[in-house]
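Colleague: Let's see this in three dimensions:
(2 chains)
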Amino acid sequence: AQKVTQAQTEISVVEKEDVTLDCVYETRDTTYYLFWYKQPPSGELVFLIRRNSFDEQNEISGRYSWNFQKSTSSFNFTITASQVVDSAVYFCALSENTGRRALTFGSGTRLQVQP
Amino acid sequence: DVKVTQSSRYLVKRTGEKVFLECVQDMDHENMFWYRQDPGLGLRLIYFSYDVKMKEKGDIPEGYSVSREKKERFSLILESASTNQTSMYLCASSTTLAGSYNEQFFGPGTRLTVL
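Modeller: Okay, here's the model as predicted:
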């Protein structure tokens, strides 16, 4: 069975600090997909990034970067120079290539960025 | 633009009522999903469907049923609402076309309160 663990329940930082959100996953499949979603106070899930298991290249998009390491089954998310608008709940999710194709979510990390 | 809509953003019902949550997608996706979100638990899969008139149980199907009579519409039914079904309900859809990564597109959510 697949599992996603986000050990950090809540993180509070001051604006302009860098922050890393951790995500560790478990799966038996060799082909799988990883995602990060942001959920602002409005409630709608906003897609941030997806990765397939064969692509271990790290990715940077503006202030956001992702570090995918198969050796440690981790897919961590870093926000550089955080801003108040980054305050949200962030979810990491996993989907296997076979089976039911649903997403298995972590429990989420609530990020509070203080001005 | 990709769109998943849900019939209500907020809903208040009484214990024992029959409740219908509707979800419509306009992307001609084969797969549709219902999740519920509770604090500290992330999103958990209730039911999903790969095709019209097909349905499969997710991780927490007890107390729920679903209906998919048309490809674009997936309904979640609470036969007799109970207070422990107070939650945020999120609908999602995805395609199985190659290159889709099983990426899911989410609706805005329905916050259901059962009194």
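Colleague: Where does A:C92 sit: helix, strand or coil?
Modeller: At A:C92 the chain is in strand, as set by DSSP: H, G, I helix; E, B strand; the rest coil.
Colleague: Contacts only, for the spatially closest residue to it that is not a sequence neighbour.
Modeller: In this structure, A:C92 finds its nearest non-sequential neighbour in A:C23, 3.5 Å apart by CB to CB, 6 or more residues apart in numbering or on different chains. Every residue, glycine included, has its C-beta placed from N, CA and C. Going by CB atoms under 8 Å, 6 or more residues apart in numbering or on different chains, A:C23 touches A:V4, A:T5, A:Q6, A:L34, A:W36, A:S74, A:F75, A:N76, A:F77, A:C92, A:G106.
Colleague: Tell me the secondary structure at the spatially most central residue of chain B.
Modeller: When CA atoms, centre = their mean is applied to chain B, the residue found nearest the centroid is B:W34 (2.7 Å). Look at B:W34: counting by three-state DSSP, its state is strand.
Colleague: Look up how far B:L45 lies from it.
Modeller: As judged by CB to CB, to the nearest Å, B:W34 and B:L45 stand 8 Å apart.
Colleague: got any residues that touch both of those two?
Modeller: Common neighbours of B:W34 and B:L45 (criterion: CB under 8 Å, 6+ apart): B:G58.
Colleague: For chain A, which residues are neighbours of chain B?
Modeller: A:4, A:6, A:9, A:33, A:35, A:37, A:42-45, A:47, A:50, A:52, A:91, A:93, A:95, A:97, A:100-108 (CB under 8 Å from any CB of the partner chain).
Colleague: let's see 10 Å
Modeller: Residues of chain A lying near chain B by CB under 10 Å from any CB of the partner chain: A:1, A:4, A:6, A:9, A:32-35, A:37, A:39, A:42-47, A:50-52, A:89, A:91-97, A:100-108, A:110.
Colleague: Buried only: go through these for me.
Modeller: Neighbour counting with 16 or more other CB atoms under 10 Å in any protein chain shown marks A:4, A:6, A:32-35, A:37, A:39, A:43-45, A:50-52, A:89, A:91-96, A:100-108, A:110 as buried within the residues of chain A next to chain B.
Colleague: Please flag which of these sit within strands.
Modeller: Here DSSP state E is the test, and these give A:4, A:32-35, A:37, A:39, A:50-52, A:89, A:91-96, A:104-105, A:110 as lying in strands.
Colleague: can you tell me which residues contact B:E30?
Modeller: With contact set as CB atoms under 10 Å, 6 or more residues apart in numbering or on different chains, B:E30 has these partners: A:R101, B:S49, B:Y50, B:D51, B:V52, B:M54, B:K71, B:S93, B:S94, B:T95, B:T96, B:L97.
Colleague: Recalculate using a threshold of 6 Å.
Modeller: Counting by CB atoms under 6 Å, 6 or more residues apart in numbering or on different chains, B:E30 makes contact with B:T96.
Colleague: Same check on A:I11?
Modeller: A:I11 neighbours (CB under 6 Å, 6+ apart): A:L111.
Colleague: Repeat that for B:L115.
Modeller: B:R14.
Colleague: redo that, cut-off 8 Å
Modeller: Taking CB under 8 Å, 6+ apart, we find B:L115 in contact with B:V12, B:K13, B:R14, B:T15, B:T83.
Colleague: Nice, that's everything, thank you.
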